[in-house]
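J.: Here is a sequence with its predicted model. Questions after.
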Amino acid sequence: MILDKVNYPEDLKKLSINEKYKLAGEIRDYILDVVSSNGGHLASNLGIVELTIALYSCLDLPKDKVIWDVSHQTYVHKILTGRKNEFKTLRKLNGIAGFTRERESIYDVFDAGHSSTSISLGLGMARARDIKHSNELIVSVIGDGALTGGMALEALNDAGISKTNLIVILNDNGMSISPNTGGLSRFLSNLRTERGYIRSNNKIRKVVKGIPVVGSPLYKGVTRIKNGIKSLFIPNMYFESIGFKYLGPVDGHNIEDLESIINRAKKLDGPILIHVITKKGKGYKYAEEDPNKYHSVSPFNIDTGKSITKKKDDYSKVMGDTLLKLAKKNKKIVAITAAMEEGTGLHEFCEKYPDRFFDVEIAEQHGLTMAAGMASMGLIPVIPIYSSFLQRGYDQLVHDIALTNKHVVICVDRAGVVGNDGETHQGLLDLSYLNTIPNMNIMAPKNFKELEMMLEFAINEDRPFAIRYPRGSEGDYKFIKNNEIKYGKGEIIKTGSDITIVAVGKMVERAMLVSEKLNEDNISVEVINARFIKPFDKGLINKSINKTKFLVTIEDNNVHGGFGECLDSELDISVKTINFGYPDQFIQHGKVEELEEKYKLDVDSIYKRIKKEYK
Ligand SMILES: Cc1ncc(C[n+]2csc(CCOP(=O)(O)OP(=O)(O)O)c2C)c(N)n1
């Protein structure tokens, strides 16, 4: 095995080209092995094996710096930078992360997980290098999906005029999670086609050779950098016109060609963009055929490609199914996604109502403001976004939606801990930041049925709504009934006299289980399902704590600025209080249940703490 001899990037430099291809095959097998058992991002990593090998063969690491956008495609990078054995612990509690993490390795230049940051980071580092007069190479690797994010375009715009040495490698596989759809992807696809490539070469030859006297020698000279020059002759050549030298397109699975183009880029000055064409899922039949499905996977059988985890319905699907039903009755409903059609449960909506469905690509901010524009014209936009990605859209929520009370329904998916994706993906801040926005209304359902009811309610109320729900399925607890939703009203699930527990969303089930345990100790608990986090049901909660004089809140959000803290600050009387939630920290990866136990939010830990403090 070649992989046995390779631990760090410098080991690549000792390999022949044939050995590098062999290594690529071995790395693919290793990734398949680990991801089929741990879950993770598969197709993107299979697609980037040769590019990573070629890049690391040409650079001087860790002196040179490579910034991987999103960094979901860094499994090859991890294997080649001293973590070959640890790779088996990928995404597990206390194991290595599924994304780059500075604390994990000197080769992980930045923490990432959210899209479109790599060019800004790279430009920042390049400018710092220039000021410090050092000479490391800075390389940002970004996918064509991540390039659709506003920040990436802002950074290109700035980098283009910077004159600083920065290499941007565009890993173009035509896919975000699902196929890319926007104008930029059409432009890249034109660039990719051979027709365009040949036409540009011919144009260059004709124009340059036609220049009197110097034409022919000049042509010979420029062919060395023809990919850079050619772009000047392609109409609307975006990258060249904003100041980048464009090299490519190059086959991202041909190591010799990749090394040659990267070495060429190293010799050029200024911002360079290397356009690399790769195949997402390369080398694994099922992933090549359906890269969307194999973008991010739970454990699966390598031979059949089939998942080995039992698929249960989840909140995203319930949201999507409900929206489909509501959209049939109400033609004003439109759905928006920021490149997460499948993940947010909108696939069927997209199939059934293509004219009322908008994939804005990885552009949460634009999606939110566009929703405000649609609402201003009388439509009812519903925009599901994962809680952690919605962090991007804070100003759009404030300035474009809430300020003028636009009727936009934001479905805050994957709120709470999400598990193995770790810090960048935990949805633990949304209640805190949404709570700060005047006019924003926030609800959280305790089960699937309540999500259906809340979505319908929000669609029929002319004001901005955020409905937050967790990743995965509802709990097993069978609630006797789901009372009608009334604006700003909570729901008493169980009456009691000693302690009031007010719980949010999925924590209502936990509150019931805790209350049953406390009951066995003869402590009588009143359990309130908050339903509305904003405006919360002050009257109901005040009445309850007047009786019990002991308040417990439970939420799967950071305690800081969360539901419990807001409640405490607004209640009429002050009583003994415990606010359960996550601490003021970034929460690492691990299974949801493991994290809940670690942060003492499982039934037993909550029960024990209440019991101890109730005296
Ligand atoms: C702000 C933000 N929104 C959404 C996502 C979810 N997401 C992760 S990877 C990805 C697609 C990235 O596509 P691309 O950059 O082309 O990389 P590929 O996986 O195709 O190699 C998306 C939408 C994210 N990570 N960050």
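T.: Yep, it's here.
J.: contacting residues for residue 567?
T.: 502, 536, 541, 551, 553 (Cβ atoms under 8 Å, 6 or more residues apart in numbering). The way it works is simple: take the backbone N, C-alpha and C, and place the C-beta from them, glycine included.
J.: again with residue 348
T.: 320-321, 324.
J.: Report the separation between it and residue 321.
T.: 7 Å (Cβ to Cβ, to the nearest Å).
J.: related to what we said a few turns ago, so which of the contacts of residue 348 wins on neighbours?
T.: In terms of neighbour count, residue 320 stands highest of the contacts of residue 348 at 22 neighbours, by other Cβ atoms under 10 Å.
J.: how about that one, secondary structure?
T.: helix (DSSP: H, G, I helix; E, B strand; the rest coil).
J.: Specify the local secondary structure of residue 103.
T.: From three-state DSSP, the assignment for residue 103 is coil.
J.: quick one: contacts for the closest residue to residue 2 other than its chain neighbours?
T.: Leaving aside its sequence neighbours, residue 2 sits nearest to residue 23 (Cβ to Cβ, 6 or more residues apart in numbering; 4.3 Å). Contacts of residue 23 were listed using Cβ under 8 Å, 6+ apart, and they are 2-3, 6, 12, 15, 53.
J.: Repeat that for residue 5.
T.: So residue 5 contacts 11, 14 (Cβ under 8 Å, 6+ apart).
J.: and the stretch 101-250 of the chain, which residues reach the ligand?
T.: Contact residues, the stretch 101-250 of the chain versus the ligand (Cβ under 6 Å from any ligand atom): 114-115, 143-146, 171, 173, 175-177.
J.: mind redoing it with 5 Å?
T.: 114-115, 143-146, 173, 175-177 (Cβ under 5 Å from any ligand atom).
J.: farthest-separated two in those residues?
T.: Between any two of those, the greatest separation by Cβ to Cβ is 19.6 Å, found for 114 and 173.
J.: Quick one: name the residues of the chain near the ligand.
T.: Neighbours of the ligand within the chain, by Cβ under 5 Å from any ligand atom: 44, 70, 114-115, 143-146, 173, 175-177, 339, 362, 389.
J.: One more pass at 6 Å, please.
T.: Going by Cβ under 6 Å from any ligand atom, the residues of the chain near the ligand are 44, 47, 70, 72-73, 114-115, 143-146, 171, 173, 175-177, 280, 338-339, 362, 364, 389, 392.
J.: Drop anything exposed from the residues you listed.
T.: Neighbour-count burial (16 or more other Cβ atoms under 10 Å) is assigned, among these, to 44, 47, 70, 72-73, 114-115, 143-146, 171, 173, 175-177, 280, 338-339, 362, 364, 389, 392.
J.: Where strands are concerned, which of these count?
T.: Those of these mapping onto strands are 143, 171, per DSSP state E.
J.: So which of the buried ones among the residues of the chain next to the ligand belong to helices?
T.: Under the assignment DSSP state H, those contribute 44, 47, 364, 389 to helices.
J.: Quick check, the first one in contact with residue 280.
T.: Yes - at 6.3 Å, residue 44 counts as touching residue 280 under the criterion of Cβ atoms under 8 Å.
J.: can you list residues touching both of the two?
T.: residue 295.
J.: can you pull the contacts of the residue in the stretch 501-615 of the chain that the ligand sits nearest to?
T.: Proximity of the stretch 501-615 of the chain to the ligand (Cβ to the nearest ligand atom) peaks at residue 589, 14.6 Å away. By Cβ under 8 Å, 6+ apart, the contact list for residue 589 reads 91-93, 95, 97-98, 419-423.
J.: ok so, going back, for the contacts of residue 567, name the two members farthest from one another.
T.: Across these, no pair lies farther apart than 536 and 551, at 12.6 Å, counting by Cβ to Cβ.
J.: re the thing from before, could you check how far the residue nearest to residue 2 is from residue 299?
T.: 26 Å.
J.: okay, and the helix or strand of this structure with the least pLDDT?
T.: Ranked by mean pLDDT, DSSP states H and E, the weakest helix or strand in the chain is helix 226-230, scoring a mean of 47.
J.: Show the pLDDT at whichever residue of the stretch 351-500 of the chain sits closest to the ligand.
T.: When scored by Cβ to the nearest ligand atom, the stretch 351-500 of the chain has residue 389 as its residue closest to the ligand, at 4.2 Å. For residue 389, the pLDDT comes out at 98.
J.: For the nearest residue to it once chain neighbours are set aside, which residues are in contact?
T.: Excluding the flanking residues, the one nearest residue 389 by Cβ to Cβ, 6+ apart is residue 364, at 5.4 Å. Residues near residue 364 by Cβ under 8 Å, 6+ apart: 338, 385, 389-390, 392-393, 396.
J.: Now do the contacts for the nearest residue to residue 458 once chain neighbours are set aside.
T.: Sequence neighbours aside, residue 465 is the residue nearest to residue 458 in space, at 3.8 Å (criterion: Cβ to Cβ, 6+ apart). With contacts defined as Cβ under 8 Å, 6+ apart, the neighbours of residue 465 are 408-410, 441-443, 458.
J.: For those residues, work out which two are farthest apart.
T.: Longest span within the contacts of residue 465, Cβ to Cβ: 408 and 443, 14.1 Å.
J.: which of the residues in stretch 350-364 are buried?
T.: 350, 353, 356-364.
J.: meant to ask about stretch 433-449, not that
T.: Buried, per 16+ other Cβ under 10 Å, within stretch 433-449: 433-435, 437, 440-448.
J.: Let me have those in CSV, adding pLDDT and secondary structure as columns.
T.: Listed next are those as CSV, based on pLDDT from 0 to 100; DSSP: H, G, I helix; E, B strand; the rest coil:
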residue, pLDDT, secondary structure
433, 98, helix
434, 98, helix
435, 96, helix
437, 98, coil
440, 98, coil
441, 98, strand
442, 98, strand
443, 98, strand
444, 98, coil
445, 98, coil
446, 98, coil
447, 98, coil
448, 98, helix
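J.: wait, which of these is closest to residue 599?
T.: Nearest member of the buried residues of stretch 433-449 to residue 599, counting by Cβ to Cβ, is residue 444, at 18.8 Å.
J.: and residue 125, that one's in a strand?
T.: No - if the criterion is three-state DSSP, then residue 125 is helix and not within a strand.
J.: gap between the residue nearest to it when sequence neighbours are not counted and residue 599?
T.: The shortest distance from residue 125 to any non-neighbouring residue, by Cβ to Cβ, 6+ apart, is to residue 138 (5.0 Å). In this view, residue 138 and residue 599 are 37 Å apart by Cβ to Cβ.
J.: higher neighbour count, these two?
T.: Remark: of residue 138 and residue 599, residue 138 carries more neighbours, 23 against 17, as counted by other Cβ under 10 Å.
J.: Show me which residues of the lengthiest helix in the chain are buried.
T.: The helix that spans the most residues within the chain, counting by DSSP H, is helix 17-38. Buried residues in helix 17-38, counted by 16+ other Cβ under 10 Å: 20-21, 23-24, 26-28, 30-32, 34-36, 38.
J.: Could you save these as CSV and add columns showing pLDDT?
T.: Output for the buried residues of helix 17-38, formatted as CSV (pLDDT from 0 to 100):
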residue, pLDDT
20, 98
21, 98
23, 98
24, 98
26, 98
27, 98
28, 98
30, 98
31, 98
32, 98
34, 98
35, 98
36, 98
38, 97
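J.: how about the most centrally placed residue in the chain, phi and psi?
T.: Among the residues of the chain, the one closest to the centroid is residue 114, at 4.8 Å (Cα atoms, centre = their mean). Main-chain torsions, residue 114, degrees, to the nearest 10: phi -100, psi 150.
J.: Am I right that it is in contact with residue 70?
T.: Yes - using Cβ under 8 Å, residue 114 is in contact with residue 70, at 7.2 Å.
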